[in-house]
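Asker: Generate coordinates for the sequence data below:
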Amino acid sequence: MVFSKLKMGTVVALITALALFASCEKGSGKIKVAFAGTEAATTGQSRMMQEVADALNATGKFDCDLYVNGALSNDTDNLVTQAKIGVPLVVPSDPGRLASQFGIKDLSILMAPYVLTDRAALERLPDTAIFKEWQEQLSAQGIMFVADMYNGFRSFYTNIPVESVAGLKGLRIRGFGNAIGNALAKYFGFANIGISWGEVLPGIQQKTLDGCEVQVATAYGTAIYEVAKYLALSKHYMLQSSFICSKRMYDAMPPAERDIFISTIREKAKKYGEIVAKEEEDYYAKMKEKGVAIYEVDINEFQQAISPLYTNNDLGFSAGLRDRLFSELGL
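Answerer: Residues are numbered from 1 along each chain as shown. Below is the predicted model:
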């Protein structure tokens with residue numbers, strides 16, 4: 001059974017959510033939706049979901065709840081799996097995770113190092129043919145890909161200074177535990193440690209990790225500055241929150257409510273992408289106040305170091321994928 005692969009807390013939450021869904025289907029009069037994520041309530045992603053939930057509830061057509069900071073599960077993939085099997089969830093994942101979880105290699109190009117560098121491109125993404133193809137592939141596996149939100153650039157936070165690519169060699173860095181994370185580590189020369197985010201701060205403190213790569217809002221929110229006093233501003237990933245939902249829930253919505261649901265999520269994704277971008281500079285300033293030394297590294301050097309990833313096609317992209325993506329996005 002699927003339950004056997006999930007932790008007990010997740011199973012309990014899943015059973016509860018299914019019970020809520022069952023009551024909704026029996027005629028509660030409103031569409032039951034739970035927004036669930038692993039980030040703290042203060043992050044842009046969580047605040048965005050709260051605003052979506054409030055806006056949908058205000059229509060009188062929806063009954064939305066918000067579960068953040070891992071309240072339903074600390075594992076994003078588990079949350080996505082719950083949505084896949086029919087739990088009425090909206091979950092923020094990311095293109096790399098979805099590509100690995102559902103076997104859609106081309107989808108990971110959205111998160112590939114130094115491919116997308118302009119957050120405005122994400123606003124045009126849902127209108128492209130390539131996005132609709134990814135939607136169909138995910139829909140066939142039980143989930144709907146609704147929107148992609150800018151969620152900050154990821155850089156390296158370490159316990160020793162890193163001023164160039166060479167400075168990463170041999171370090172143990174917590175990164176994405178997927179093909180993208182492993183490829184980044186391969187060409188930058190560090191060991192990629194794919195552990196849960198909750199293990200990062202104690203890992204650096206206990207010196208089993210030398211650092212992590214993450215967006216500044218999350219780094220600040222979890223006090224990474226207490227153990228990692230150096231920030232190499234590589235901005236190698238443009239992190240995105242890929243909002244997916246249960247296809248079963250989506251298909252059960254009347255057309256009018258479905259349109260409200262989609263348009264509200266996309267509208268708030270655009271709004272909060274802009275908010276996150278503005279807040280990043282404030283977070284960098286706060287990092288400095290906490291004693292973190294910020295290095296403005298040579299981005300060209302980092303881009304050149306990663307270029308063999310695309311020459312060798314380590315991620316197995318379809319021929320001409322990047323050119324097609326850029327063409328459809330107008331880049």
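Asker: Could you use CA atoms for every contact and neighbour count after this?
Answerer: Will do.
Asker: Quick check: which ranges of this protein have low pLDDT?
Answerer: Confidence mapping of the chain against pLDDT under 70 gives the ranges 1-28.
Asker: mind listing the strands for it?
Answerer: 31-36, 62-67, 89-93, 143-158, 172-174, 191-193, 211-215, 230-246, 293-295 (DSSP state E).
Asker: Pipe those into JSON lines and attach mean neighbour count and distance to residue 267 per row.
Answerer: Output for these, formatted as JSON lines (neighbours: other Cα atoms under 10 Å; distance: least, Cα to Cα, whole Å):
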{"stretch": "strand 31-36", "mean neighbour count": "24", "distance to residue 267": "16"}
{"stretch": "strand 62-67", "mean neighbour count": "20", "distance to residue 267": "17"}
{"stretch": "strand 89-93", "mean neighbour count": "27", "distance to residue 267": "15"}
{"stretch": "strand 143-158", "mean neighbour count": "25", "distance to residue 267": "9"}
{"stretch": "strand 172-174", "mean neighbour count": "25", "distance to residue 267": "32"}
{"stretch": "strand 191-193", "mean neighbour count": "21", "distance to residue 267": "35"}
{"stretch": "strand 211-215", "mean neighbour count": "25", "distance to residue 267": "22"}
{"stretch": "strand 230-246", "mean neighbour count": "24", "distance to residue 267": "12"}
{"stretch": "strand 293-295", "mean neighbour count": "17", "distance to residue 267": "33"}
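Asker: Now render these as JSON lines, adding distance to residue 265.
Answerer: As requested, the strands of the chain are arranged in JSON lines below (distance: least, Cα to Cα, whole Å):
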{"stretch": "strand 31-36", "distance to residue 265": "11"}
{"stretch": "strand 62-67", "distance to residue 265": "13"}
{"stretch": "strand 89-93", "distance to residue 265": "10"}
{"stretch": "strand 143-158", "distance to residue 265": "7"}
{"stretch": "strand 172-174", "distance to residue 265": "30"}
{"stretch": "strand 191-193", "distance to residue 265": "33"}
{"stretch": "strand 211-215", "distance to residue 265": "22"}
{"stretch": "strand 230-246", "distance to residue 265": "8"}
{"stretch": "strand 293-295", "distance to residue 265": "34"}
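Asker: of all those strands, which lies closest to residue 255?
Answerer: Comparing those by their distance to residue 255 (Cα to Cα), the top pick is strand 31-36, with 12.5 Å.
Asker: so the closest one versus strand 62-67, what angle?
Answerer: Orientation check (axes from the mean of the first three to the mean of the last three Cα atoms, to 10 degrees): strand 31-36 against strand 62-67 gives 20 degrees.
Asker: partner strands of strand 31-36, parallel or antiparallel?
Answerer: If you go by DSSP bridges, strand 31-36 pairs up with strand 62-67 (parallel), strand 89-93 (parallel).
Asker: Tabulate those strands (JSON lines), appending distance to residue 312.
Answerer: What follows is the strands paired with strand 31-36, written out as JSON lines (distance: least, Cα to Cα, whole Å):
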{"stretch": "strand 62-67", "distance to residue 312": "41"}
{"stretch": "strand 89-93", "distance to residue 312": "27"}
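Asker: which parts of the longest helix seen in the chain are buried?
Answerer: Assignment by DSSP state H gives helix 255-289 as the longest helix of the chain. Neighbour counts using 16 or more other Cα atoms under 10 Å place 257, 261, 264-266, 268-270, 272-274, 276-277, 280, 283-284, 287 of helix 255-289 among the buried residues.
Asker: And the strands paired with strand 31-36: which comes nearest residue 296?
Answerer: strand 89-93 (28.9 Å).
Asker: Please work out which residues outside that closest one touch it.
Answerer: Applying Cα atoms under 8 Å, 6 or more residues apart in numbering, the external contacts of strand 89-93 come out as 33-37, 45, 76-77, 79-80, 82-83, 241-246.
Asker: Specify the angle between that strand and helix 255-289 in degrees.
Answerer: With the same axes, to 10 degrees defining the directions, strand 89-93 sits at 40 degrees from helix 255-289.
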